[in-house]
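predicted coordinates and the sequence they were generated for:
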Amino acid sequence: MKKLFSFLLFLLGLTAQAQVTFKITAVPANTPANATIYMAGSFNSWNPASAAHLLTRNADGSYQITLPAATGTIEYKFTRGAWASVETTASNGQVPNRTFTFGSSPGPVLHQVLNWEDLAGGTPGGGQSTAAANVSVISTTFQMPQLGRTRRVWLYLPPGYATSGRRYPVLYMQDGQNVFDNLTAFAGEWGVDETLNLLQTNGQDPTGCIVVAIDNGGGSRLDEYSPWNNPQNGGGQGDLYLDFLVQTLKPYIDTNYRTLATRENTGIAGSSMGALIATYAALRHPTVFGKVGVFSPAYWFASQPLFEYVHQHPANPNTRFYFVSGTTESTSMVPNMAAMRDSLLRGGVPAANLSFNPRADGQHAEWFWNREFPAAYNFLFAPATATPVRHSQRLSASVYPNPAAQELRIAFPVSLAEAKLEITDARGRTVLRTAVHHGEAVNLRGLAAGLYLSRITAGNEVKVVKFAKE
């Protein structure tokens, strides 16, 4: 009986892990005969044209795709290769994210597409723009010379900007289609303009903020939002995209609008892949971005090179990071987010500058990021506290020689009796932890050649130094 019970549990496990077929049984009559239909969702960073998620057309006119075995719940929609041609309702309104929980049904999972946004003769939500009056479009074809493309760029100016004469901090946001206007959003908008206007009206945001939102590039979104290539999904143009932000767009904004251009007053934010590139931006350009909004980050897309990069390029300790995601968005979402927080801590960013917020009811969706934006904004743009934060530059310490062969010596003020030394490798793993005295040699013979971080702690003071082992 016990063996039978175990066998039944085994079969149940197989069912929960089984691959599932998703099938579209009907599409609108005006669907082009040569249409290609894709499945975009939380499993591929909402890429509307992922080659790996192209549906096969059957002889009977239906379309289908089989996803590999997985666990948990996914969210998804169907597109014809771009968010401008996403599926919509019969009245051409937004289709709520479809959901499927692996193990709930063996499939096939049947669907009908009632409308395509670009072929329905209207626009989602009945064509009513929801952007506030203080939102405008700088250009629908803003030049991106680093990428050889153009892009729509949005601008939010705080109430009273025209007459205040003041300068304002700036927040740069990704996926601009979804930031202000339900008319252009493919899955709902963040309502950033309404949120900031309300905070101003209620006296909860006395300074105000300029927001610059950059549309994603549709099919080039994944390429631009990751500096590293993912063999299955693309990527690799993230550095060029950031060069556009830093070298072209930011100078234009700072020249034409009354901004506070320093890093302390410049933030960057995004969700999913947009959160990945926002995190990387703060690491690659620590003198430009001092505030980072990280919403449901797609760190899985390039987890190994990303964590190696943060290890080798510690963030400016004065940078503020706000992390938020749902606890059930994916199995790796919260663990990866926690690993990034811990890597930043090890690199010298104080806990006071890291806000970590897993939400039990959170989803990979615009309504969730809309809800969470006010808290993120308040944390990131709150005035600095009067009490200075102790960080890695407070301890005068060094390591030598660098590069090191067999030994590494630690130098710090002789007035300190001893310090604690922690060495981590390129993947953030602690490989050595010991107490040291000034000038004392530390044996490195057991370490492989490569780059390492040494974290030297004395009392409440910390210094992080990168060194190479030959």
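Thanks, I have it.

which SS state does the most centrally placed residue in the chain fall under?
The centroid of the chain falls nearest to A275 when counting by C-alpha atoms, centre = their mean (1.3 Å). Taking DSSP: H, G, I helix; E, B strand; the rest coil as the rule, one finds A275 in the helix state.

start at 41 instead
With 41 as the first residue, the last one maps to A315.

so which bits of stretch 402-410 are buried?
Along stretch 402-410, these residues count as buried under the neighbour rule (16 or more other C-beta atoms under 10 Å): 402-406, 408-410. Any C-beta I mention is one placed from the backbone N, CA and C, and that applies to glycine too.

quick one on the thing from earlier: spatially nearest residue to the residue nearest to the centre of the chain (excluding sequence neighbours)?
Counting by C-beta to C-beta, 6 or more residues apart in numbering, P337 is the residue found nearest to A315 once chain neighbours are left out, at 3.7 Å.

just checking, A400 touches G366?
Yes. Taking C-beta atoms under 8 Å as the definition, A400 is a contact partner of G366 at 7.5 Å.

which stretches in the stretch 91-240 of the chain count as strands?
For the stretch 91-240 of the chain, the strands defined by DSSP state E, counting those that start in this stretch cover 96-97, 103-107, 113-119, 127-128, 138-141, 149-152, 155-156, 175-184, 189-196, 210-213.

which of these sits closest to A80?
strand 113-119 (5.5 Å; C-beta to C-beta).

the closest one to strand 103-107, inter-axis angle?
150 degrees (axes from the mean of the first three to the mean of the last three C-alpha atoms, to 10 degrees).

what is the rounded mean pLDDT of strand 113-119?
Averaging pLDDT along strand 113-119 gives 92.

for that strand, give me every contacting residue.
62, 64, 77-83, 88-89, 95, 107, 125-127, 135, 137-142, 151, 153, 226-227, 368, 403-405 (C-beta atoms under 8 Å, 6 or more residues apart in numbering).

so where do the strands sit in the stretch 391-510 of the chain?
Using DSSP E, counting those that start in this stretch, strands in the stretch 391-510 of the chain cover 394-399, 438-440, 447-451, 459-464, 470-476, 481-483, 490-498, 501-509.

want to throw those strands into CSV with mean pLDDT?
Below are the strands of the stretch 391-510 of the chain laid out as CSV (pLDDT from 0 to 100):
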stretch, mean pLDDT
strand 394-399, 96
strand 438-440, 79
strand 447-451, 85
strand 459-464, 84
strand 470-476, 85
strand 481-483, 88
strand 490-498, 79
strand 501-509, 78
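
now do the same end-to-end measure for stretch 334-349.
Stretch 334-349 has its terminal residues 17 Å apart, counting by C-alpha to C-alpha, to the nearest Å.

buried sites along it?
334-343, 345-349.

can you pull out the low-pLDDT segments for the stretch 91-240 of the chain?
Residue ranges of the stretch 91-240 of the chain with pLDDT under 70: 161-167.

what about 90?
Within the stretch 91-240 of the chain, the stretches with pLDDT under 90 are 98-102, 109-112, 122-126, 128-137, 142-148, 150-170, 222-228, 240.

was I right about A124 contacting D158?
Yes. Contact between A124 and D158 holds when scored by C-beta under 8 Å: they sit 5.4 Å apart.

and K506, how close does it get to S311?
31 Å (C-beta to C-beta, to the nearest Å).

who has more neighbours, the two?
More crowded of K506 and S311, by other C-beta atoms under 10 Å: S311, with 29 against 15.

nearest residue to the more buried one in space, please, no chain neighbours.
F335 (3.9 Å).

contacting residues around that neighbour?
With C-beta under 8 Å, 6+ apart, F335 has these contacts: 309-312, 314-315, 364-365, 409, 412, 416.

on the three-state scheme, L285 is what?
L285 - assigned by three-state DSSP - is helix.

what number of residues lie near it?
So L285, with other C-beta under 10 Å, has 22 neighbours.

isn't it right up against Y212?
Yes. Between L285 and Y212 there is a contact under C-beta under 8 Å: 6.3 Å.

pull up the overlap in contacts between those two.
Common neighbours of L285 and Y212 (C-beta under 8 Å, 6+ apart) are 254, 308.

relative to I64, how far out is D100?
Relative to I64, and taking C-beta to C-beta, D100 is found at 11 Å.

my bad, T288
Note on T288: its distance to I64, by C-beta to C-beta, is 41 Å.

can you redo the strands of the stretch 91-240 of the chain as CSV with mean neighbour count and distance to P375?
Below are those laid out as CSV (neighbours: other C-beta atoms under 10 Å; distance: least, C-beta to C-beta, whole Å):
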stretch, mean neighbour count, distance to P375
strand 96-97, 14, 34
strand 103-107, 19, 22
strand 113-119, 22, 17
strand 127-128, 24, 32
strand 138-141, 15, 20
strand 149-152, 15, 28
strand 155-156, 23, 37
strand 175-184, 15, 34
strand 189-196, 20, 33
strand 210-213, 24, 26
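
can you redo the ones you listed as CSV with distance to E264?
Shown next, in CSV, are those (distance: least, C-beta to C-beta, whole Å):
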stretch, distance to E264
strand 96-97, 29
strand 103-107, 25
strand 113-119, 18
strand 127-128, 24
strand 138-141, 26
strand 149-152, 30
strand 155-156, 25
strand 175-184, 9
strand 189-196, 9
strand 210-213, 14
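
out of the ones you listed, which gets nearest to T474?
Between T474 and the strands of the stretch 91-240 of the chain, the shortest gap by C-beta to C-beta is with strand 210-213, which sits at 42.4 Å.

show me what that closest one is packed up against.
strand 250-254, helix 290-296, strand 306-312, strand 331-337, helix 406-421 (3 or more C-beta pairs under 8 Å, 6 or more residues apart in numbering; DSSP states H and E).
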